[in-house]
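> fold the stuff below for me.
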Amino acid sequence: MNDLPQQLANGLLLGGLYGLIAVGYTMVYGIVQLINFAHGEIFMIGGFGALTAYLWLPENTSLVIALPFMLVFAVACSVLVGIGAERFAYRPLRGGPRLAPLITAIGLSIALQQAIWAFYPDGTKSRSFPQFHGESLDFGAFTIGRGDLFLFVAAPLSMIGLGFFVSKTRTGRAMQATSQDPDTAKLMGINTDRIIVTAFAIGSAFAAVAAIAHGLKYGEVNFKMGFIAGLKAFTAAVLGGIGNIYGAMLGGVVLGLAEAMATAYIQDIPGMSQLGGGSWKDVWAFVLLILVLLLRPQGLLGERVADRA
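Numbers count the residues shown, from 1 in each chain. Here you go, the predicted structure:
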């Protein structure tokens with residue numbers, strides 16, 4: 001139990017990462033009732049965009065100086081792909097059979113993976129991501145790696161900014177109206193196509209921020225990183241209540257804490273020594289999802305229409 005504060009810190013950081021990605025799932029679903037399974041690959045493209053920006057800078061450029069350029073380029077790449085996916089892959093299928101956009105999303109996911117694999121030499125190998133050098137920061141009961149500082153700051157700031165945008169701005173209120181009733185919103189003069197594009201853009205930008213946090217945390221990016229991260233983020237969105245932006249972040253935090261605690265403590269329970277450790281963390285994450293779906297199918301916060309974005 002002496003490690004509990006450290007495990008809580010690990011879980012909160014991991015949950016913030018999942019929550020940032022989950023926002024993209026829940027915003028798109030809240031407006032167009034679409035599960036964008038290509039969102040994990042948009043996250044992956046943000047990571048490679050940040051790495052590409054860093055490699056374009058002069059050699060030995062400080063990461064502190066490079067980070068703003070990496071962030072801007074990563075967001076630009078992810079948003080461009082997200083908007084392109086909405087315009088050319090999903091919009092033509094709007095109003096069609098519900099299965100069509102789902103199959104399209106899976107196909108787009110595979111296509112984006114293969115595009116990155118083909119674009120980078122030796123694309124099957126993981127790429128080293130720039131790191132902050134130095135010892136972890138000691139806060140007494142727990143420590144935080146220098147690479148986690150970006151996530152520690154970016155996750156809460158992003159969610160606060162999104163909450164303000166959705167609740168206080170004209171576009172944010174239009175997004176809420178569109179999520180409640182797109183046809184009525186269109187009759188009231190709201191450009192629903194623009195609102196849907198905005199939702200894809202915001203979700204993609206959050207995914208890019210998460211991708212940089214992932215690279216700084218783990219020190220590498222690879223063309224398959226979006227698959228598991230996307231599944232975890234989708235799990236977080238369902239845990240919190242699909243369509244609820246605050247539920248997405250809460251679901252990410254709950255999932256991150258569950259993974260950290262299960263990894264650290266399940267193996268100490270008599271008879272369960274073989275079910276602990278990092279190799280089982282994905283299993284326990286989906287066990288938690290199954291339990292929530294059985295006990296509270298609407299998610300922890302439910303699907304509150306007023307907060308869907």
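
> pretty sure L149 sits against F139.
No. Using C-beta atoms under 8 Å as the test, L149 is too far from F139 to be in contact (11.6 Å). Heads up, the C-betas are built off the backbone N, CA and C, glycines and all.

> the two - which one has more neighbours?
Applying other C-beta atoms under 10 Å to L149 and F139 shows that L149 carries more neighbours, namely 15 against 11.

> so the more buried one belongs to a helix, correct?
Yes. According to DSSP: H, G, I helix; E, B strand; the rest coil, L149 belongs to a helix.

> leaving out the residues flanking it, which one is nearest to I21?
Spatially, and ignoring its direct neighbours in sequence, I21 is nearest to A233 (3.5 Å; C-beta to C-beta, 6 or more residues apart in numbering).

> what average pLDDT does the strand or helix carrying K217 get?
K217 is part of helix 192-218, with elements assigned from DSSP states H and E. Across helix 192-218, pLDDT averages out at 96.

> ok, back up a step: show me the contacts for the residue nearest to I21.
For A233, the contacting residues are 18-19, 21-22, 24-25, 39-40, 43, 252, by C-beta atoms under 8 Å, 6 or more residues apart in numbering.

> I'd like the residues you listed written out as CSV, with neighbour count and pLDDT added.
Listed next are the contacts of A233 as CSV, based on neighbours: other C-beta atoms under 10 Å; pLDDT from 0 to 100:
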residue, neighbour count, pLDDT
Y18, 28, 95
G19, 32, 95
I21, 31, 96
A22, 35, 96
G24, 32, 93
Y25, 28, 94
H39, 33, 96
G40, 27, 96
F43, 30, 97
G252, 31, 94
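
> just name the closest of those to Q113, please.
Lowest distance from Q113 to the contacts of A233 (C-beta to C-beta) belongs to G40, with 9.3 Å.

> for the closest residue to the closest one other than its chain neighbours, give its distance to I42.
Distance criterion C-beta to C-beta, 6+ apart; nearest residue to G40, sequence neighbours excluded, is G230 at 2.1 Å. Distance, G230 to I42, by C-beta to C-beta, to the nearest Å: 9 Å.

> the two: which is more packed in?
I42 (31 against 25).

> report all helices and strands that the one helix or strand the more buried one maps to contacts.
Using DSSP H and E, I42 sits in helix 39-56. With contacts defined as 3 or more C-beta pairs under 8 Å, 6 or more residues apart in numbering; DSSP states H and E, helix 39-56 has these neighbours: helix 4-32, helix 63-84, helix 99-119, helix 192-218, strand 220-221, helix 225-240.

> how far does stretch 163-182 stretch from start to finish?
21 Å (C-alpha to C-alpha, to the nearest Å).

> below-threshold pLDDT in the protein: ranges please.
1-2, 123-124, 268, 270-279, 303-309 (pLDDT under 70).

> distance of the residue nearest the centre of the chain from G95?
Closest to where the C-alpha atoms of the chain average out (C-alpha atoms, centre = their mean) is I21, at 0.8 Å. Between I21 and G95 the computed distance is 28 Å (C-beta to C-beta).
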